[in-house]
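1. Based on what follows, work out the 3D shape:
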Amino acid sequence: MIKKGSILSLFIAILFPLIGYWMVQRYSKDAVHMPPHYFYDSVGTTTKRGKTVSDTLWHKVRNINLINQFGKKVSLNDLSGKIIVLDFFFTHCPTICPGMTRSMKKLQVSYEKNPEIVQFISISVDPEHDSVPQLRQFADRFNINHDNWWFVTGDKKDIYDFALNEIKASIADTEVDTAFIHTENFFLLDTNRVVRGWYNGFDTLKQAQLARDIPTLMLEKDKKSPSIFREFIPILPVIFFGIGLTILAVTLLNRNKKQKNASTNI
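-> Purely as a prediction, here's the structure:
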């Protein structure tokens, strides 16, 4: 006959791990708010463990070849593993560009101890007039760190195609003139070169959000190479149940052993 104490032990051994699992699932689900994805190339479905789930192919910004303020050829492919923050400017801009650069400078300073995390890029929308010396002179006006901030020029058609079709600048800023791109937005790209947000360079709240979103993206796991632990998440209830039964079995064996020892000593 099963004793009430054994039933209670079994109940506790099973219930506590399940409660722990539920609490982890319940309170950690929204603990970190990741910047959303904005543009996708296709949406399909895949089957995982017998279940049909949606599979979105997010738009990955293509590579672009440019020339920086030192006359060096650079490209986005050179920035593997880095978060990218970029904007569009031109050196003789009399209005928003100096203010945008000051805002970007503040952002760069906030990451001066971790320059390997993020790369800043300012792309000239008037490459016909923005020569390499002018880019360097403009950058030096703001005493920027050249190591992780490129001021770049290149082929105008390529730059405009990149801005409109890859970064989607005219969607982020519906008032932008597609013939001469002049937007107040900074654009945030994750390590997979997927657009994760745009932020007004003159809005202090938006800039603060951008400063928070950069390290948050570094915490994001690549779904194409999931951790070993993630593979065990769907079977955690079974694992916890097994742990509970093991604890119960050990408890009962110890109790029986003590009872036998007591009987032997009588």
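
2. what's the closest non-adjacent residue to residue 86?
-> Of all residues not flanking residue 86 in the chain, residue 121 sits nearest, at 4.0 Å (Cβ to Cβ, 6 or more residues apart in numbering). In this view, the C-beta of every residue, glycine as well, is placed from N, C-alpha and C.

3. Is that neighbour in a helix, a strand, or coil?
-> State at residue 121, reduced to three classes by DSSP: H, G, I helix; E, B strand; the rest coil: strand.

4. Quick check: it touching residue 153?
-> No - in this structure residue 121 lies outside contact range of residue 153 using Cβ atoms under 8 Å: 11.6 Å.

5. coming back round to it: how many residues are close by the residue nearest to residue 86?
-> 23 (other Cβ atoms under 10 Å).

6. burial count for residue 213?
-> 19.

7. what's the nearest residue to it if we skip its chain neighbours?
-> Once flanking residues are discounted, residue 213 sits nearest to residue 35: 4.7 Å by Cβ to Cβ, 6+ apart.

8. Kindly provide the distance from that neighbour to residue 200.
-> Taking Cβ to Cβ, to the nearest Å as the measure, residue 35 falls 15 Å from residue 200.

9. now residue 109
-> Taken as Cβ to Cβ, the span from residue 109 to residue 200 is 19 Å.

10. Can you show me the CA trace of stretch 160-167 as CSV?
-> In CSV, the C-alpha atoms belonging to stretch 160-167 read as follows (Å, rounded to 0.1, in the frame of the first residue of the first chain):
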residue,chain,number,x,y,z
TYR,A,160,20.9,55.9,-54.5
ASP,A,161,19.9,52.4,-55.5
PHE,A,162,21.3,51.3,-52.1
ALA,A,163,19.5,54.0,-50.2
LEU,A,164,16.1,53.5,-51.8
ASN,A,165,16.0,49.8,-52.5
GLU,A,166,18.2,48.3,-49.8
ILE,A,167,17.9,50.7,-46.8
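
11. can you list the residues that contact it?
-> 59, 61-62, 64, 86, 88, 123, 125, 169-170, 178, 181, 187, 195 (Cβ atoms under 8 Å, 6 or more residues apart in numbering).

12. before we move on, the earlier item: give me the more crowded residue out of residue 109 and residue 200.
-> More neighbours surround residue 200 than the other of residue 109 and residue 200, with 18 against 11 (other Cβ under 10 Å).

13. okay, and the helix or strand of this protein with the least pLDDT?
-> helix 228-232 (a mean of 46; mean pLDDT, DSSP states H and E).

14. returning to that earlier point: so which of the contacts of stretch 160-167 belong to helices?
-> 169-170 (DSSP state H).

15. Separate out the buried members of the contacts of stretch 160-167.
-> For these, a burial check counting by 16 or more other Cβ atoms under 10 Å picks out 59, 61, 64, 86, 88, 123, 125, 169-170, 181, 187, 195.

16. Same list (these) but as JSON lines, adding distance to residue 206.
-> Shown next, in JSON lines, are the buried ones among the contacts of stretch 160-167 (distance: Cβ to Cβ, whole Å):
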{"residue": "59", "distance to residue 206": "22"}
{"residue": "61", "distance to residue 206": "21"}
{"residue": "64", "distance to residue 206": "25"}
{"residue": "86", "distance to residue 206": "15"}
{"residue": "88", "distance to residue 206": "17"}
{"residue": "123", "distance to residue 206": "20"}
{"residue": "125", "distance to residue 206": "21"}
{"residue": "169", "distance to residue 206": "16"}
{"residue": "170", "distance to residue 206": "19"}
{"residue": "181", "distance to residue 206": "19"}
{"residue": "187", "distance to residue 206": "12"}
{"residue": "195", "distance to residue 206": "15"}
